[in-house]
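>>> Just the structure for this:
(4 chains)
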Protein chains: 2
Amino acid sequence: MSEPVRLSKRTAIRQENKARILAAAEKVFAEAGFGGATMQLIADMAGLPKANLHYYFATKEDLYREVVEKIFNDWLRAADSFDHAPGPVEGIGAYVDAKMDISRHHPDGSKVWASEVMHGAPVIQDYLETTLRDWTAGRIAVIERWIAEGKMAPVDPRHLLYMLWATTQHYADFGHQIETLNGGKALSDKQWREAKESVKGIILRGIGAG
Amino acid sequence: MSEPVRLSKRTAIRQENKARILAAAEKVFAEAGFGGATMQLIADMAGLPKANLHYYFATKEDLYREVVEKIFNDWLRAADSFDHAPGPVEGIGAYVDAKMDISRHHPDGSKVWASEVMHGAPVIQDYLETTLRDWTAGRIAVIERWIAEGKMAPVDPRHLLYMLWATTQHYADFGHQIETLNGGKALSDKQWREAKESVKGIILRGIGAG
DNA sequence: TCTAAGTCTGACCATACGGTCAGGAAGCGA
DNA sequence: TCGCTTCCTGACCGTATGGTCAGACTTAGA
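Okay, the predicted model is just below:
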């Protein structure tokens, strides 16, 4: 790379190793769950000795926490589309597109998130009660505005959001089931496009904005 | 009970203990995942010594397998509503009702199922490839018939099914998140009714059958 | 009542796991 | 070059876990 990286070798190593460990951890936590994941497995996948993991992350819980927090931030970022949209067709359409892309390209994160919530959100309960609650309130306000402006039917915004989350994340969390029902093959580009269109079509028509 | 139970004491004990262990196991597997669950915890919850579990179930895997198979059967049974319905309003309406009731009253089963599929379906892959595939093909045929009869819009039946599964199961699998966003309280009877109506309303309108 | 089969369980075992640590290697400012 | 800090890791440790087993206890048919 021509760009002269302005980092001391130390911090460069630090960043690279932490990133490598976090990536490996996300995969292993997604595949085996927190309890089924082992530090040894993560170490092997990251290509580092186990003791090195404990140099960067004091405990398995610490490592897991950082993985989950990283995922949560991606999750929130996907929602920017929602904000500056003139109406539900653009806003919800873009949101579905964004979340389906995440489900396709980063299914591991979605699985770790699902697992965390299913087990009672032991490490991110505070985020649910603050950041997520605020975020949700904001989007509900947007949806209610759209309803008031006659841009969509008066549906319950909460359950609409749940439906959006559920449907889009299903393609990541239950990807294995979908793949099996697809003859054991991953969905093709065309099938992903059809999935997006189906989801958007049913929901937008369902809220009277199609 | 007045009904004279026609069982030897032995088989009665056997049934009762197996059932008690399976119930405890479902709860523990749901709360902690396969890897996080311990035989000791299941034993404590069932009120039996750990060695007794191994008398009825040779290994943790065996116990887990029976739990998952039991859940899978409940899952399939919920779909009877689909079959003898004259059209999507009745069929899908009843299916959503049935699955929402399961999500409300047996969330643990749903979570174990979700966890199993998320981790690549290690123990029920064969069921996915046979029973579930056949079941899905049957419902797709029903939906296609409804479309041909003009009872609903021509949506992709596969993605419609995924949306039904995702949305209804979300209320079990992500129940903790929903509860947190509901001020830390479980949904009330009224809220569950609203949830059902929201889901049915959006989907049925979305497929042009509202 | 006797005996064979079924039920039960405390004590035990091997292993795998998360985590520690001493000490060596490498980077870096002076 | 020197000395300090950071980085690295093989070897090790305590514990918890899944699983075993010998033998006690209970049931049920003859």
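>>> in the lowest-mean-pLDDT helix or strand in chain A, what counts as buried?
The helix or strand of chain A with the poorest confidence is helix A:80-83; it has a mean of 82 (mean pLDDT, DSSP states H and E). For helix A:80-83, burial by neighbour count (16 or more other CB atoms under 10 Å in any protein chain shown) applies to A:S81, A:F82. (Glycine included, C-beta is placed from N, CA and C.)
>>> In terms of secondary structure, what does that helix contact?
helix A:88-105, helix A:133-148 (3 or more CB pairs under 8 Å, 6 or more residues apart in numbering or on different chains; DSSP states H and E).
>>> rerun at 6 Å
Helix A:80-83 sits against helix A:88-105, with contacts defined as 3 or more CB pairs under 6 Å, 6 or more residues apart in numbering or on different chains; DSSP states H and E.
>>> which parts of the helix it packs on are buried?
So, applying 16+ other CB under 10 Å, buried residues of helix A:88-105: A:88-89, A:91-100, A:102-104.
>>> Closest one of these to DNA strand D?
Closest approach between the buried residues of helix A:88-105 and DNA strand D, by CB to the nearest atom of the strand: A:I102, at 30.3 Å.
>>> who touches the residue lying closest to the closest one once chain neighbours are set aside in this structure?
Among residues not flanking A:I102 along the chain, A:A78 sits closest, at 5.8 Å (CB to CB, 6 or more residues apart in numbering or on different chains). A:A78 is in contact with A:A98, A:K99, A:I102, counting by CB atoms under 6 Å, 6 or more residues apart in numbering or on different chains.
>>> Quick one, grab the pLDDT at the second one.
pLDDT, the model's per-residue confidence, is 96 for A:K99.
>>> ok now do it, which residues does it touch?
A:A78, A:T168.
>>> same question, the first one
Each residue near A:A98 by CB under 6 Å, 6+ apart is listed here: A:A78, A:S81.
>>> So for the helix ranked longest in chain A, what gets flagged as buried?
Secondary structure of chain A per DSSP state H: the longest helix is helix A:9-36. Across helix A:9-36, burial judged by 16+ other CB under 10 Å covers A:17, A:21-36.
>>> Of those, which fall within the contact range of chain B?
The subset of the buried residues of helix A:9-36 within reach of chain B, by CB under 6 Å from any CB of the partner chain, is A:G33, A:G35, A:G36.
>>> relative to helix A:133-148, how tilted is the helix or strand containing A:T167?
Using DSSP states H and E, A:T167 falls within helix A:157-173. Counting by axes from the mean of the first three to the mean of the last three CA atoms, to 10 degrees, helix A:157-173 lies at 120 degrees to helix A:133-148.
>>> Against which helices or strands is helix A:157-173 packed?
Using 3+ CB pairs under 6 Å, 6+ apart, helix A:157-173 sits against helix A:88-105, helix A:107-118, helix B:157-173.
>>> a markdown table for the ones you listed, including distance to B:K200?
Listed next are the helices and strands packed on helix A:157-173 as a markdown table, based on distance: least, CB to CB, whole Å:
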| stretch | distance to B:K200 |
| --- | --- |
| helix A:88-105 | 19 |
| helix A:107-118 | 24 |
| helix B:157-173 | 10 |
